[in-house]
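Participant: next one to model:
(one chain, ligands or ions: 1)
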Amino acid sequence: MLQNTNDKKPKSEAPTKPSASPDPLAAALKYIARVHGYHVTDSVIWSGLPQTSNTLGIGILGRAAANCGLKALPDRKDIGSIPPAALPCIVAMKNSEMLILTGFDKEAGTVELLAPLVQAAKLHQSLAEFEDNYSGYAIFFQPAVDSSGKSERVLGFDGHWFWSTITSYWRDYVHVALAALLINLLALASPLFTMNVYDRVVPNNAIPTLWALAIGVILSLVFDAILKIARGQIINVAGKQADNALASKIFAHALAIDFEKRPASSGQFANHIREFENVREFITSSSLVSLIDLMFIGIFIAVLFLLVGSVAVVPLAAIPVVLGISLFVQAPLSGAIEKSHKESAIRHAILVESIANLDTVRALNAESSMQTKWERSVAASSGAIMKGRFWALIAQSGTGFVQAFVSIGIVVWGVYLISSGDITMGALIAAMMLSGRVLAPLANVANTLTRLRQTLHSYKILNDIMNTETERKPGRTYINKRITSGSVEFKGVDFRYPGAEDDSLKNISFKIAPGETVGLIGRVGSGKSTIGRLTSGLYYPSDGAVLIDGTDTRQFDPADLRANVGFLSQDNVLFSGTVRENISAGDPFADDDALIEVARIAGVEEFVAQNPLGYDLQVGEGGRFLSGGQKQSVALARILLRKPRVLFLDEPSSHQDLASERRLIARLKEHNRADTTVIISTHRMSLVELTDRLITLDYGKLALDGPRKEVLQKLQELGAVNASQQAGKDAAL
Ligand SMILES: Nc1ncnc2c1ncn2[C@@H]1O[C@H](COP(=O)(O)OP(=O)(O)OP(=O)(O)O)[C@@H](O)[C@H]1O
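Facilitator: Residues are numbered from 1 along each chain as shown. This is a model prediction of the structure:
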C-alpha cells in the first residue's frame with residue numbers, strides 16, 4: 001500500500017464557539033465545573049440550550065449546569081450562613097455583577113472572590129465591604145448524582161423527566177386538594193338547607209329562619225364558585241408551567257437521542273412525541289378534578305347515613321356496581337386505544353412522508369400507492385376507534401341505568417321509612433340531592449378511567465423515548481482536550497449500521513496529518529460517507545478506533561467534537577427561514593463579516609448578491625425554494641462558519657455546473673491554505689485535483705492510500721481510470 005506522511009503544522013487554535021463573546025456566567029460555570037472535576041468548553045455548556053442571547057442568562061443556568069454535570073441551587077443566603085463546603089459558588093452583587101466566591105474568613109473578616117472573566121487574580125475584600133455590595137442571592141452547585149449515587153452528567157435536566165417536574169408543583173396540587181375538600185363540604189349546604197326548609201320552616205311558618213338559612217346557603221354558593229374558579233386557575237397555571245417544562249425536556253431529549261437508537265420512522269417518532277398532548281390535557285383538564293372529587297364520595301355517604309340511615313345503602317351499593325362496569329370495559333377499551341394510537345402513528349408517518357416528498361410522489365405517479373397505504377391505515381385506525389367508542393357507550397349507558405335505579409331505590413325505600421316515622425320528608429329530599437353528588441363523579445368514572453388509561457399509555461410511550469439513550473452518556477466524563485491540530489486516524493475500524501446485516505467498513509486504517517487535503521474515492525456504497533459520519537462522531541466504530549488529534553472520538557464530548565469537525569453531508573437539508581438564518585444555524589450570533597466571508601467561499605454570494613432580499617431570502621421548508629446547487633452552497637457555508645479543524649466534504653460540488661465548480665475549487669484552494677485538515681469524498685476528477693493524497697475504498701475496505709499522482713497511476717494500471725478522466729472530466733471512480 002502506498003503511504004504518505006504529510007506533516008503540516010497547525011497555524012492557530014480553533015475556537016470551540018465561533019462567536020465567543022465575554023460571558024461571565026459561562027466562565028464562572030466552567031471554573032466551578034473544573035473544581036468538581038468536569039472540564040467543559042463553551043460548546044458543551046451551550047449544547048441543546050435555547051440561544052436567545054450570546055451570553056448565558058440566569059434563566060438557563062440550571063440547564064447549562066446540568067450540561068456540566070452539576071446541579072445549580074439558587075438560594076438567598078447571608079455570607080455568614082454559607083457553609084464552606086458549598087464553595088465555590090456564584091454570588092450576585094447589587095450592581096448585577098456575578099462573582100465567584102471562593103472563600104471567606106469570618107474571624108479575620110476577609111472574603112476571597114474571583115471575577116469570572118479574569119480568573120488569574122483573586123480579589124480580596126473585607127467582609128464589611130462585601131456585605132455592602134452583596135445582593136444576598138447566591139447560586140450553589142453540587143455534582144448531579146444518579147439513583148445509585150454515581151456522579152452523572154445529564155442533558156440539561158436532572159431527575160426523572162416527568163415526576164421531578166410534576167412534584168416541583170406539589171404546593172399547587174396541595175392547594176387544589178384543599179380547595180376540593182372545601183368545595184365538597186360546601187356541596188352539603190344546599191341539601192341541608194332544603195331539608196331544614198321542608199322539616200322546620202314550612203311546618204312552623206318560620207320566615208325569619210328561612211331568610212337566615214337562605215343567606216347562609218347563598219354565601220356558601222358564592223364561596224363554592226370562588227373556590228371552583230381558584231381551583232381551576234391553579235390547575236391551569238401549574239399545568240401550563242409543567243407543560244412548558246415537560247415539552248422543553250421532551251424536545252431536548254428527542255434532539256439528543258443516540259443515532260444508533262434512533263427510531264426507523266421519523267413520522268412515527270414525531271407522532272409518539274405528540275402523545276404528550278394527552279398527558280398535557282390530563283394534567284390541565286377537568287379529568288383531574290373528577291379524579292380528585294372521586295375521593296370525597298365517602299363524605300357524602302357518611303352524611304347520607306346520618307340523614308336517612310339505611311337508605312344510604314342504595315347509593316353505597318351502586319358504587320361497586322358502577323366501578324365494576326367501568327373496570328369491565330377497561331380491558332377492551334384500552335386494547336382499542338392502544339391499537340388506534342399505533343395506527344395513528346403509522347398514518348402520521350405516511351402523511352409526513354407523502355407531504356414532505358410531494359414532488360417525488362407526483363413525478364413517480366405514486367399517488368395511488370400512497371393513497372392505498374393511507375386508506376388501509378385509516379380503515380385500521382377507524383376500526384379501533386369504533387370499537388373504543390362502543391365500549392365507552394356500554395360504560396355510559398350502564399352507569400346511566402344505575403344512576404336512575406339509585407334515584408328510584410332511594411324514593412321507594414325512603415317512603416317506607418317516612419311512613420314508619422324513621423325519617424322526615426325533608427331528609428328524603430336531601431338524600432335525593434346528595435345521592436346526585438355521589439353519583440356525578442361515579443358517572444364520570446368510566447370516562448375518567450379511560451382518560452387516565454390513555455394518559456398512562458402516552459406516558460409509557462414518552463417514558464420509553466425519554467429512557468432511550470442520548471448520545472451524551474450519563475456517568476461519562478469527557479476530556480477537555482481542545483482539538484488543536486486536526487489529525488485524523490482510523491485504527492482497524494469496523495462499522496455496521498444499527499440493524500444492518502453487513503459491515504459497511506471493514507478493518508479501515510489510515511492516518512491523516514494536520515492540514516492535509518485528502519481525497520476519498522470509491523464506487524457507490526463503498527463507505528465514503530460512512531467515514532465522514534464516523535469522523536464527525538455521528539456514529540462510533542463497532543470495532544477499532546477513530547482518533548482526532550490522537551484521542552479517541554468517544555472521549556470527546558459530542559458537542560466539542562462537532563464544533564471542531566465539520567461534516568458536509570450529501571443531503572444538504574436546510575431549515576425554513578432565511579439564507580442568513582441557515583448559515584448561522586450553529587452560531588446565531590456570528591458577526592456579519594464572518595458570515596459574508598464563508599458565504600463568499602461557498603458560493604452563496606454568487607446568487608444572494610443578485611437577489612433584492614439578499615441574505616434575507618427565504619429558503620422554504622427543507623430549502624425547496626433554492627436550486628440543488630444553491631442549497632449545497634448554503635450547506636457548505638454553514639459548515640465553514642464553524643471554522644472546523646477537520647472538514648469532511650461529501651460530494652461538495654455534486655449539484656454545481658462546471659463553471660461554478662471551477663470557481664468553488666479555486667475558493668476552496670485559497671481557503672485550504674488555512675490550517676484545516678480536509679477530507680473530500682468525491683466521484684469527480686476535478687475535485688480530486690484539490691487533494692495532496694488519495695484513499696480509495698472498495699466494498700468497505702481500504703484499497704489504496706498514497707500521494708494523488710501515484711494512486712491515480714495505480715488506478716490507471718488497474719484499468720479503473722481511463723485517459724479521458726485523467727484529462728479532468730468527471731469520473732465514476
Ligand atoms: N443509515 C444506514 N443504515 C444502514 N446501512 C447504511 C446506512 N447508510 C449507509 N448504509 C450502507 O453503508 C454502505 C456504505 O454507504 P455510504 O453512504 O458510506 O457509501 P458511499 O461510498 O458514500 O456511497 P456514495 O458514493 O453513493 O455516496 C452502503 O452499503 C449503504 O447501504
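
Participant: residue of the stretch 301-450 of the chain nearest the ligand, please.
Facilitator: Per Cβ to the nearest ligand atom, residue 353 is where the stretch 301-450 of the chain lies closest to the ligand, at 16.3 Å. Every residue, glycine included, has its C-beta placed from N, CA and C.

Participant: mind listing what that residue touches?
Facilitator: residue 267 (Cβ atoms under 8 Å, 6 or more residues apart in numbering).

Participant: so what's residue 509 scoring on pLDDT?
Facilitator: What the model reports for residue 509 is a pLDDT of 94.

Participant: what's next to the helix or strand containing it, contact-wise?
Facilitator: Using DSSP states H and E, residue 509 sits within strand 505-512. Strand 505-512 is contacted from outside by 5-6, 487-495, 518, 527, 530-531, 534, 541, 544, 677, 679, 693, 695, 697, 699-702, 705, using Cβ under 8 Å, 6+ apart.

Participant: beyond that strand, next helix or strand please.
Facilitator: By DSSP H and E, the next helix or strand past strand 505-512 is strand 517-522.

Participant: partner strands of that following strand and their direction?
Facilitator: strand 677-681 (parallel), strand 693-698 (parallel) (DSSP bridges).

Participant: now do the strands in the stretch 51-200 of the chain.
Facilitator: Here the stretch 51-200 of the chain has its strands, by DSSP state E, counting those that start in this stretch, at 70-76, 89-93, 98-105, 110-115, 118-126, 134-143.

Participant: of those strands, which shows the lowest average pLDDT?
Facilitator: Out of these, strand 118-126 stands lowest, with a mean of 74 (criterion: mean pLDDT).

Participant: can you list the residues of the protein near the ligand?
Facilitator: For the chain, the residues in contact with the ligand (Cβ under 6 Å from any ligand atom) are 497, 500, 504, 522, 524, 525, 526, 527, 528, 529, 530, 570.

Participant: in strands only, show me those residues.
Facilitator: When DSSP state E defines the strands, the subset of the residues of the chain next to the ligand inside them is residue 522.

Participant: now tabulate the residues of the chain next to the ligand in CSV and tack on distance to residue 514.
Facilitator: Output for the residues of the chain next to the ligand, formatted as CSV (distance: Cβ to Cβ, whole Å):
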residue, distance to residue 514
497, 30
500, 33
504, 27
522, 24
524, 30
525, 30
526, 26
527, 24
528, 21
529, 23
530, 23
570, 26
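
Participant: ok, back up a step: closest to residue 43 out of the strands of the stretch 51-200 of the chain?
Facilitator: Evaluated with Cβ to Cβ, these place strand 70-76 nearest to residue 43, the distance being 16.7 Å.

Participant: name the strands paired with that closest one and say parallel or antiparallel.
Facilitator: Using DSSP bridges, the strands paired with strand 70-76 are strand 134-143 (antiparallel).

Participant: next, the angle from the strand it pairs with to strand 98-105.
Facilitator: 90 degrees (axes from the mean of the first three to the mean of the last three Cα atoms, to 10 degrees).

Participant: only alpha carbons, please: show strand 134-143 as CSV.
Facilitator: Extracted in CSV, the C-alpha atoms of strand 134-143 (Å, rounded to 0.1, in the frame of the first residue of the first chain):
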residue,chain,number,x,y,z
TYR,A,134,-23.8,41.6,48.1
SER,A,135,-27.4,41.3,47.0
GLY,A,136,-28.0,38.3,49.2
TYR,A,137,-28.6,36.0,46.3
ALA,A,138,-26.2,33.1,45.6
ILE,A,139,-26.1,30.1,43.3
PHE,A,140,-24.6,26.9,44.8
PHE,A,141,-23.5,23.9,42.8
GLN,A,142,-23.3,20.2,43.6
PRO,A,143,-22.5,17.3,41.4
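
Participant: hmm, who's touching that strand?
Facilitator: 32, 36-37, 61, 65, 69-79, 82, 86, 88-94, 101, 151.

Participant: can you give me the buried ones in it?
Facilitator: Applying a neighbour-count criterion of 16 or more other Cβ atoms under 10 Å, one finds 134, 137, 138, 139, 140, 141, 143 buried in strand 134-143.

Participant: next one: the fifth one from residue 679, what distance?
Facilitator: Put plainly, it is residue 140. 46 Å (Cβ to Cβ, to the nearest Å).

Participant: pipe the residues of the chain next to the ligand into JSON lines and attach neighbour count, pLDDT and distance to residue 236 per row.
Facilitator: Formatted as JSON lines, the residues of the chain next to the ligand follow (neighbours: other Cβ atoms under 10 Å; pLDDT from 0 to 100; distance: Cβ to Cβ, whole Å):
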{"residue": "497", "neighbour count": "15", "pLDDT": "90", "distance to residue 236": "46"}
{"residue": "500", "neighbour count": "9", "pLDDT": "86", "distance to residue 236": "49"}
{"residue": "504", "neighbour count": "21", "pLDDT": "93", "distance to residue 236": "52"}
{"residue": "522", "neighbour count": "24", "pLDDT": "90", "distance to residue 236": "60"}
{"residue": "524", "neighbour count": "7", "pLDDT": "89", "distance to residue 236": "57"}
{"residue": "525", "neighbour count": "12", "pLDDT": "89", "distance to residue 236": "55"}
{"residue": "526", "neighbour count": "23", "pLDDT": "91", "distance to residue 236": "58"}
{"residue": "527", "neighbour count": "25", "pLDDT": "92", "distance to residue 236": "55"}
{"residue": "528", "neighbour count": "25", "pLDDT": "93", "distance to residue 236": "55"}
{"residue": "529", "neighbour count": "19", "pLDDT": "93", "distance to residue 236": "50"}
{"residue": "530", "neighbour count": "23", "pLDDT": "95", "distance to residue 236": "50"}
{"residue": "570", "neighbour count": "16", "pLDDT": "87", "distance to residue 236": "48"}
